[in-house]
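Chemist: Structure here, sequence nowhere to be found:
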């Protein structure tokens with residue numbers, strides 16, 4: 001699988017690490033969607049991240065191609081400018097008691113509100129060496145989302161992450177020139193023949 005397509009799972013993993021640091025021992029971070037069986041299951045202490053939206057982030061668009069050079073400085077490939085994608089997560093909490101759910105949700109919210117981007121030590125793979133992954137908590141509630149899922153609303157918030165997607169390099173570039181020759185487009189004249197001595201005539 002090309003590394004570009006691992007960006008989503010790398011963001012998933014990084015968010016689990018970031019939120020997991022803020023939770024008490026024994027609490028987990030899962031990537032589970034809300035489901036009707038939540039109403040009858042005996043829950044364990046957990047924060048659930050449900051990725052429900054992916055869309056282009058036009059504010060992060062770049063222009064111009066990047067040249068990838070070898071040790072001699074010759075261009076070996078070119079890469080199209082990166083694009084950014086907005087990943088939207090529904091963040092909910094599960095615990096045996098509602099008060100415990102709210103406490104978990106508050107810890108997760110605090111960890112994310114004070115992080116403008118995912119810390120580098122939470123990242124791995126392509127994201128670890130790439131552009132920052134910006135975070136923001138949505139100002140809009142997830143009410144419509146609960147309705148579309150056919151579930152009663154519960155305490156939750158929406159988290160948005162903006163991650164860069166890089167294109168595969170284009171390796172079909174002309175090879176660097178090995179020689180440089182200059183020409184005027186005209187033939188080089190041969191040696192000039194000696195001219196006959198001139199004779200002066202007095203008039």
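Modeler: Thanks, I have the structure now. What you see is a predicted model; the values in this text were computed from it and never measured.
Chemist: Going along the chain, name the helices of this protein.
Modeler: 7-22, 98-113, 143-149 (DSSP state H).
Chemist: what about these, which gets the closest to residue 163?
Modeler: The closest of the helices of the chain to residue 163 is helix 7-22. By C-beta to C-beta, the value is 5.3 Å. Any C-beta I mention is one placed from the backbone N, CA and C, and that applies to glycine too.
Chemist: now the closest one against helix 98-113, angle please.
Modeler: Helix 7-22 runs at 120 degrees relative to helix 98-113, counting by axes from the mean of the first three to the mean of the last three C-alpha atoms, to 10 degrees.
Chemist: what packs against helix 7-22?
Modeler: strand 28-30, strand 46-56, strand 83-94, helix 98-113, strand 156-165 (3 or more C-beta pairs under 8 Å, 6 or more residues apart in numbering; DSSP states H and E).
Chemist: angle of that helix against strand 156-165?
Modeler: 130 degrees.
Chemist: Residues in contact with helix 7-22: which ones?
Modeler: With C-beta atoms under 8 Å, 6 or more residues apart in numbering as the test, helix 7-22 has contacts from 27-29, 31, 47, 49, 51, 54, 85, 87, 89, 107-108, 110-112, 115, 118-119, 122-127, 133, 159, 161, 163-165.
Chemist: Which ChimeraX command selects the buried ones in these?
Modeler: Selection of buried members from these for ChimeraX, criterion 16 or more other C-beta atoms under 10 Å:
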select :27,29,47,49,51,85,87,89,107,108,111,112,115,118,122,123,126,127,133,159,161,163,164,165
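Chemist: about what we covered before: could the helices and strands packed on helix 7-22 go into JSON lines alongside mean pLDDT and distance to residue 142?
Modeler: Putting the helices and strands packed on helix 7-22 into JSON lines (pLDDT from 0 to 100; distance: least, C-beta to C-beta, whole Å) gives the following:
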{"stretch": "strand 28-30", "mean pLDDT": "95", "distance to residue 142": "17"}
{"stretch": "strand 46-56", "mean pLDDT": "94", "distance to residue 142": "9"}
{"stretch": "strand 83-94", "mean pLDDT": "93", "distance to residue 142": "6"}
{"stretch": "helix 98-113", "mean pLDDT": "96", "distance to residue 142": "12"}
{"stretch": "strand 156-165", "mean pLDDT": "93", "distance to residue 142": "5"}
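Chemist: got CSV for the ones you listed, with distance to residue 7 too?
Modeler: Formatted as CSV, the helices and strands packed on helix 7-22 follow (distance: least, C-beta to C-beta, whole Å):
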stretch, distance to residue 7
strand 28-30, 19
strand 46-56, 11
strand 83-94, 8
helix 98-113, 19
strand 156-165, 5
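Chemist: returning to that earlier point: quick check: which of the helices of the chain is nearest to residue 81?
Modeler: helix 7-22 (15.7 Å).
Chemist: now the angle from that closest one to strand 83-94?
Modeler: Going by the same axes, to 10 degrees, helix 7-22 makes 40 degrees with strand 83-94.
Chemist: any weak-confidence spans in the chain?
Modeler: 1-5, 39, 60-80, 167-203 (pLDDT under 70).
Chemist: 50 - rerun?
Modeler: Low-confidence segments of the chain, defined by pLDDT under 50, span residues 1-4, 64-65, 203.
Chemist: Sounds good, over and out.
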